[in-house]
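Peer 1: Could you work out the structure for the sequence below:
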Amino acid sequence: MLNAADQETVLSIRELQRILTETSKPLVIWAGAGTSKWLGYPLWKELALDLRRDFFKFVPGLNNNAALELINKNSFPEFFQMCHDLDRQRFYRFLSDAFLPKGDTVLNARFIELLFRIAPIHVLTTNVDESIEQRFPDAAIYQPSDLTGCVTQLGEGRSFIAKLHGSRSRIEATVFTRDDYEVLKKDTSFINTLKHIFAISTVIFLGYSVTDEYVLQLLSDDARDMSLFGAGPHFVVSSQFRSKAPLRQINYAVKRFPDHRAALSVLDIVWQSRQRAPAVQLISESRKKIDTSSSSIASASGYYISDCMPPGTWNNSTVATFNRKDGTPSQLTVGLGFTNDEVPFHDSPAAHDLAVGLTCFDITHFPLSNLNRVFTLLGESLFRTLLISDAIKFVHIQQEPAVVSVVDGLMADIGLVRTSTPDGQDHDADWFIRQQLNPQPGKEKEAEALFSQLQSKVVVFDRSNELALADLVRSSVMMPHVSKLLGIGEAILPTQVPVWLTFPYLRLAHLVQTGAVCEALGLQAAKIPFGGSILTSAAFGVQAGTDFSDRYASYVFSGRFDADLGALFFSDPTFIQIILKFRNTAEGETLRREVRQQLLANEATAFAASVNAGLSRGIPLTLIQRARDKVTALFTESMKVSPVGAVWANASQTDDTTRYWRSKSRQTLLQLAKRRNVSGDAPCICGSGDKFRLCCLLPLRD
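Peer 2: Numbering: from 1, shown residues only. The predicted model follows:
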């Protein structure tokens with residue numbers, strides 16, 4: 001995730017967005033060894049250590065202590081020069097073998113996909129492997145000797161890939177040793193071309209430490225020559241960059257994902273900032289090499305319904321007031337806070353979602369905080385039946401997202417809240433169960449048996465704080481599309497939560513936590529509330545499904561792809577029993593296995609689960625028809641299915657807007673402004689100094 005708490009990162013992201021939307025400067029991606037690492041190639045130090053090991057074993061004359069000293073000082077060109085001088089043939093053979101072509105990985109596929117989105121691509125790379133150019137056959141390829149051709153391509157908006165240090169196919173012309181660098185630095189055509197590119201474009205350094213001496217010198221020269229109007233600006237995306245070069249830093253954290261996938265968020269920001277039609281052809285074969293066989297997918301499938309709302313009126317938010325240690329009156333808000341005017345479809349999806357989960361997945365999970373709702377939906381008998389059959393489980397989330405603000409304040413913060421005993425001990429699952437289910441007098445013994453059984457079906461998720469969930473939310477609101485969807489003004493910092501956007505922020509936090517729950521528990525799919533699909537895509541760049549599990553569950557039980565299974569649930573008391581019988585048939589097991597294998601893979605993003613059980617491709621109709629035939633045979637009476645189409649927030653309903661959220665937030669903002677006598681051209685209540693109508697009110701207007 002991007003480091004939203006780092007002011008330099010926030011300002012750099014804003015500057016990058018300004019450059020992309022307000023100027024015509026070309027954008028150049030400088031891809032370093034870190035991008036090739038996503039494909040499994042070694043970083044410089046890894047390569048050097050492997051080479052030292054090889055030479056130590058087979059080449060006489062290697063000064064091992066001197067070699068290790070050079071490697072530990074990151075003096076790689078000097079070390080490579082040492083090996084080159086000892087055995088030139090072995091040196092190049094080793095390098096050639098180290099950068100042989102590799103099959104694709106999910107992270108590299110994501111990198112290539114994002115490059116494809118921002119086409120035409122202008123790539124400078126010091127990597128000698130040929131993975132990028134192989135996937136962009138329409139891009140012009142330039143070696144160090146003919147680098148000047150890039151300038152023409154850049155000016156005409158055509159794609160190119162410049163191999164600054166050469167390519168594996170011409171391994172003896174690559175740049176690794178001290179002498180190689182000296183030759184490169186003396187090549188005036190090469191240096192002047194790079195200098196010109198720096199002068200006329202904005203460069204984003206990705207997966208590159210910016211330590212090459214000639215690059216640092218060029219950046220310094222660029223800053224000096226363009227001192228009047230400013231160079232670049234150029235940006236370095238890094239988790240630990242500390243160079244003094246004139247670069248704008250975009251920092252990200254690697255605590256949750258040490259594979260540096262968070263760096264890819266910057267390419268997503270580029271794409272969201274300037275939606276341009278692709279001008280190159282991506283070789284799709286690279287995507288086909290990713291292993292999607294059943295052996296690479298968990299043996300049991302899990303579906304997480306993140307918010308169960310049965311028919312009726314339910315409280316879905318809580319506001320608590322308290323005094324801080326200094327006596328300041330404050331308030332804490334938890335929950336999604338949906339109101340009727342924010343949801344376009346008022347039919348409850350709970351029964352339909354449960355039917356889909358039971359039909360298409362081995363285990364359906366709910367938050368333990370939804371226990372009472374699930375119990376109310378099913379009734380005691382069905383609830384016991386599903387528990388015994390191990391078809392449902394509950395997730396005890398120990399920390400919930402919360403927005404905390406000073407009473408009557410305008411800016412709040414997002415964090416985590418947990419309930420505890422007076423002595424500071426966290427409440428366990430048993431406490432939450434007893435808070436939601438109260439036995440009738442005389443039924444206490446039976447209730448204890450149910451409580452005991454329930455506890456065995458609860459899994460604990462306690463990693464929200466460890467995963468820095470609040471920071472993930474702050475990072476997500478830095479994405480341009482997220483800000484637009486929620487209606488966040490440009491003057492609002494990621495570390496601030498405008499109180500009129502309290503619930504939109506909490507809904508975003510809910511999505512972030514849902515992704516973390518699914519990742520931690522190995523759940524392959526999640527059902528999220530209305531508006532969540534497009535917001536998840538904007539925040540995490542997840543893939544959109546081409547088909548959805550609920551369509552197939554609908555067909556199996558109704559012969560239609562858009563039926564409301566909730567209507568069948570309420571009209572036929574045997575419906576759940578039929579589902580349970582179907583689950584134990586060969587056809588039922590085959591359907592769940594096929595769904596598991598076709599679930600959309602988002603492994604390269606921070607939201608790894610399939611959203612709303614989206615599938616990567618359709619399930620064969622012959623398989624679905626066999627399942628349908630088996631279900632028909634299981635019913636003892638003719639099926640009665642409501643003609644109503646699929647319900648709110650199911651895959652077939654539109655989820656392409658959060659304008660209902662923005663409308664509600666706008667009403668709240670206007671009320672706050674009215675109480676402060678602020679309107680129109682008066683200074684905005686956020687304190688930016690800009691006019692109210694052009695500041696926080698503007699992004700909330702459709």
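
Peer 1: mind listing what's buried in the strand or helix carrying T632?
Peer 2: Per DSSP states H and E: T632 is located in helix 621-634. For helix 621-634, a neighbour-count test (16 or more other CB atoms under 10 Å) marks I624, R626, A627, R628, K630, V631, L634 as buried. Heads up, the C-betas are built off the backbone N, CA and C, glycines and all.

Peer 1: now swap in stretch 77-87 and tell me
Peer 2: P77, E78, F79, F80, Q81, M82, C83, H84, D87.

Peer 1: Give me the phi and psi angles of the residue lying closest to T125 once chain neighbours are set aside.
Peer 2: Spatial nearest neighbour of T125, chain neighbours left out: A31 (4.2 Å); criterion: CB to CB, 6 or more residues apart in numbering. Dihedral pair for A31: phi -100, psi 120, per degrees, to the nearest 10.

Peer 1: Let me know whether A31 touches S131 as I believe.
Peer 2: No. With contact defined as CB atoms under 8 Å, A31 does not reach S131; the gap is 9.8 Å.

Peer 1: Show me which helix or strand of this protein is least confident by mean pLDDT.
Peer 2: None of the helices or strands of the chain scores lower by mean pLDDT, DSSP states H and E than helix 285-288, at a mean of 38.

Peer 1: Going along the chain from that helix, find the next helix or strand for me.
Peer 2: strand 302-305.

Peer 1: residues in contact with that following strand?
Peer 2: For strand 302-305, contacts defined as CB atoms under 8 Å, 6 or more residues apart in numbering pick out 353-354, 356-357, 360-366, 370, 395, 514, 517-518, 521-527, 609, 613.

Peer 1: Which one among the buried residues of helix 621-634 sits at the bottom for pLDDT?
Peer 2: Lowest in pLDDT among the buried residues of helix 621-634 is L634, which has 86.

Peer 1: quick one, what contacts that one?
Peer 2: So L634 contacts I578, K581, F582 (CB under 8 Å, 6+ apart).

Peer 1: about what we covered before: could you give the number of residues near the residue nearest to T125?
Peer 2: Residues near A31, counting by other CB atoms under 10 Å, number 23.

Peer 1: For it, name its beta-bridge partners.
Peer 2: T125, L206 (DSSP bridges).

Peer 1: and it, what is it in contact with?
Peer 2: Neighbours of A31 in contact, by CB under 8 Å, 6+ apart: V123, L124, T125, T126, N127, I132, L206, G207, Y208.

Peer 1: picking that back up, what about the buried residues of stretch 77-87, which are in helices?
Peer 2: P77, E78, F79, F80, Q81, M82, C83, H84 (DSSP state H).

Peer 1: closest to K691 among these?
Peer 2: Among these, P77 lies closest to K691 (CB to CB), at 55.9 Å.

Peer 1: mind checking how far the closest residue to the closest one other than its chain neighbours is from A66?
Peer 2: Leaving out its chain neighbours, the residue that sits closest to P77 by CB to CB, 6+ apart is R178, at 4.4 Å. Here the criterion is CB to CB, to the nearest Å. By it, R178 lies 14 Å from A66.

Peer 1: more crowded one of those two?
Peer 2: A count of neighbours by other CB under 10 Å puts R178 above the other of R178 and A66, at 17 against 12.

Peer 1: OK, contacts around the residue lying closest to F635 once chain neighbours are set aside?
Peer 2: Using CB to CB, 6+ apart and skipping residues adjacent in sequence, the residue nearest F635 is I578, 6.0 Å away. By CB under 8 Å, 6+ apart, the contact set of I578 is V631, L634, F635.

Peer 1: residue ranges of the strands in the stretch 351-500 of the chain, please?
Peer 2: Assigned by DSSP state E, counting those that start in this stretch, the stretch 351-500 of the chain shows strands spanning 363-367, 392-397, 400-406, 411-417, 458-461, 497-498.

Peer 1: typed the wrong thing, it's the stretch 551-700 of the chain
Peer 2: Going by DSSP E, counting those that start in this stretch, the stretch 551-700 of the chain shows strands at 610-611, 614-615.

Peer 1: Save those strands as a markdown table, and put in distance to P233 too.
Peer 2: Below are the strands of the stretch 551-700 of the chain laid out as a markdown table (distance: least, CB to CB, whole Å):
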| stretch | distance to P233 |
| --- | --- |
| strand 610-611 | 35 |
| strand 614-615 | 38 |
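
Peer 1: Quickly compare those and say which is most buried.
Peer 2: strand 610-611 (a mean of 27; mean count of other CB atoms under 10 Å).

Peer 1: Tell me the strands beside it, with direction?
Peer 2: Checking strand 610-611 against DSSP bridges gives partners strand 525-527 (parallel).

Peer 1: Counting by contacts, list what the very next helix or strand once past the partner strand packs against.
Peer 2: Downstream of strand 525-527, the first helix or strand assigned by DSSP H and E is helix 532-540. Judged by 3 or more CB pairs under 8 Å, 6 or more residues apart in numbering; DSSP states H and E, helix 532-540 is in contact with helix 480-486, helix 502-521, strand 610-611.

Peer 1: how about 6 Å then?
Peer 2: With contacts taken as 3 or more CB pairs under 6 Å, 6 or more residues apart in numbering; DSSP states H and E, helix 532-540 sits against helix 480-486.

Peer 1: In this model N370 seems to touch F394, though I could be wrong.
Peer 2: No. Using CB atoms under 6 Å, F394 makes no contact with N370, being 7.8 Å away.

Peer 1: Grab the nearest non-local neighbour of K581.
Peer 2: Closest to K581 by CB to CB, 6+ apart is L634, at 5.3 Å.

Peer 1: how far away is the one you found from F557?
Peer 2: Look at L634 and F557: by CB to CB, they are 10 Å apart.

Peer 1: Next: A606.
Peer 2: A606 is 35 Å from F557, by CB to CB.

Peer 1: now F257
Peer 2: For F257, the distance to F557 - CB to CB - is 39 Å.

Peer 1: Could you do I197 as well?
Peer 2: 60 Å.

Peer 1: between those two, who's got more neighbours?
Peer 2: More neighbours surround F557 than the other of I197 and F557, with 26 against 22 (other CB under 10 Å).

Peer 1: Need the contact partners of stretch 400-410.
Peer 2: Stretch 400-410 is contacted by residues 328-334, 412-415, 417, 497, 499, 502, 506, 509, 685 when judged by CB atoms under 6 Å, 6 or more residues apart in numbering.

Peer 1: oh sorry, the question was meant for stretch 52-61
Peer 2: With contact meaning CB under 6 Å, 6+ apart, stretch 52-61 is reached by L62, N64, A67, C83, L86, D87, F94.
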